[in-house]
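Colleague: Need the 3D shape of this:
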Amino acid sequence: MLPFTADVLFSSFETYNRALWPLPLLAVAIALAMVLLTLWPVRGSDRAIGALVALAWLWVGVGYHLLHFAALDFAAPLYGAFFILEGLLFAWTAVARRLAFRFRADVFGWAGLALALAAALAWPLADWWGHGWQSARVAGLAPGPTVAFTLGLLLLTAGRAPLHLALIPLLWTLVAGATAWILTIPQDLALPVAGLGAFALILWKNRRQTRA
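Modeller: Predicted coordinates:
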C-alpha cells in the first residue's frame, strides 16, 4: 500500500503547480519548442535540448522529489537521487558526445515524435480532463511526463541512442505503472507499455546503426 491516495497525489500536484505558476505553462511551451527543434534544427539547438533535458531531471529530482514529494512518500529521497543522477548523466553525455536530435521519417522518428508530443500535450490534457488544470502534470516539472518526453527524444537522436540514458527512465516507467495500478490512474497505466516499447525500439535502432 502507498501512504497516499490518487486524490491526495493530485491535490499535491495542484499545490506544487500553484507555487510555481506560471512556470507550468512555460514548461509546456518549452517542451513543444524542443520538439520543433528536432524537426527544424538551428545552430546550437542540440546543446540547448541536451541542457534543458538535463535541467528538467535535476529540477524534478530536487524541486519535486526532495522538496515537495518527500512530505507524502518516504521513498521520495531515493527517487530524487535517481533523477539527479539521470540529469548529471544527460548533461555529461550531451557535452561529451555532442548529442544531435533529428527527426527522421522512420519508425524510430515517428515513435519518438509521438511519445514526445504525448508527454508534452496529451499527458497534461488527460490530467486536466480528470482532475482540473491546476493539477496537470507537465514535462520538465513532473516525473511521469518528463520520463516519457526523454524517451521520445532518445528515439530522435541521430545515430545510436545512448543506452545508459534510457535505463533510469525505463525503471521509472515501471515504478509509475505500479503506482498507477494501485491508485487507479488510467492515463499512467500506459507509461510502462510506452517505456518498454521505447526501450525496445532504442535497442533495435542501435542494432541497425551498428550493422550500418
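
Colleague: drop to CA atoms for contacts and neighbour counts, all remaining ones
Modeller: Will do.

Colleague: Can you check the distance spanned by stretch 128-140, start to finish?
Modeller: 17 Å (CA to CA, to the nearest Å).

Colleague: Equivalent analysis for stretch 137-147, please.
Modeller: End-to-end for stretch 137-147, by CA to CA: 12 Å.

Colleague: in stretch 1-13, what's buried?
Modeller: Neighbour counts over stretch 1-13 (16 or more other CA atoms under 10 Å) mark 10, 12, 13 as buried.

Colleague: So for it, mean pLDDT?
Modeller: Average pLDDT, stretch 1-13: 86.

Colleague: Just the CA atoms of that stretch, as CSV, please.
Modeller: The C-alpha trace of stretch 1-13 is given here as CSV (Å, rounded to 0.1, in the frame of the first residue of the first chain):
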residue,chain,number,x,y,z
MET,A,1,0.0,0.0,0.0
LEU,A,2,1.0,3.6,-0.7
PRO,A,3,1.0,6.3,2.0
PHE,A,4,-1.4,8.5,-0.2
THR,A,5,-4.4,8.2,-2.4
ALA,A,6,-4.9,9.4,-6.0
ASP,A,7,-6.9,12.4,-4.7
VAL,A,8,-4.1,13.3,-2.3
LEU,A,9,-1.5,13.0,-5.0
PHE,A,10,-3.3,15.3,-7.5
SER,A,11,-4.0,17.7,-4.7
SER,A,12,-0.3,17.8,-4.0
PHE,A,13,0.4,18.5,-7.7
